[in-house]
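1. Would you be able to build a 3D model of this:
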Amino acid sequence: MKQNKEKFDFKAFGQAIKAARKAKGISRNQLADTLNIAPRYIASIENSGQHPSLQILYELVTLLDVSVDQFFFPEREQEKSTRRRQLDTMLDTMSETDLKIMSATAKGIEEANNDRTGE
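-> I've put the predicted structure just below:
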């Protein structure tokens, strides 16, 4: 007896891949070269929601720091969003001086938010 399975819609995933690629300043051709695939395959994933192979899915999410939890488990609270993972990656490459600047910036944002909410 064949089960009626709902097919996963990869359009949102493709859009996240495109946004992450652009945020990292990587062209579609550069990404395709890195993954040893055709640029039009990347375009199909990003624009049409084409289902990538498991290997390409893995390589895309690890290279671009995209969290798949938001797509596969949308009802669960995410441990780390794609944006958080990308920020973590950037922070890992910064010098101690850069981190001091980022810390001061974050504290300034926190204070501004507290002022806005009256805390």
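
2. ok, now which ones touch Ile37?
-> By Cβ atoms under 8 Å, 6 or more residues apart in numbering, the residues touching Ile37 are Ile56. To be clear about C-beta, it is placed using only N, CA and C from the backbone, and glycine gets the same treatment.

3. before we move on, what SS does it have?
-> coil (DSSP: H, G, I helix; E, B strand; the rest coil).

4. what's the spacing between the helix or strand bottoming out on mean pLDDT in the chain and its chain's center?
-> Ranked by mean pLDDT, DSSP states H and E, the helix or strand of the chain with the weakest confidence is helix 69-72, at a mean of 71. Distance of helix 69-72 from its chain centroid, counting by Cα atoms, centre = their mean, to the nearest Å, is 11 Å.

5. How about stretch 87-106?
-> Remark: stretch 87-106 is offset 19 Å from the chain centroid, using Cα atoms, centre = their mean.

6. for the record, mean pLDDT for it?
-> Here stretch 87-106 scores 84 as its mean pLDDT.

7. Ends of it, what's the gap?
-> End-to-end distance for stretch 87-106, by Cα to Cα, to the nearest Å: 12 Å.

8. buried ones in stretch 86-99?
-> For stretch 86-99, a neighbour-count test (16 or more other Cβ atoms under 10 Å) marks Gln86 as buried.

9. what's the span of it, first residue to last?
-> Using Cα to Cα, the end-to-end distance of stretch 86-99 comes to 15 Å.

10. outside of that stretch, which residues touch it?
-> For stretch 86-99, contacts defined as Cβ under 8 Å, 6+ apart pick out 20, 23-24, 64-65, 80, 102.

11. redo that, cut-off 7 Å
-> Stretch 86-99 is contacted by residues 20, 23, 65, 102 when judged by Cβ atoms under 7 Å, 6 or more residues apart in numbering.

12. Beyond the helix or strand containing Leu91, next helix or strand please.
-> Element membership for Leu91, per DSSP states H and E: helix 82-92. Next along the chain after helix 82-92, taking DSSP H and E as the criterion, comes helix 96-117.
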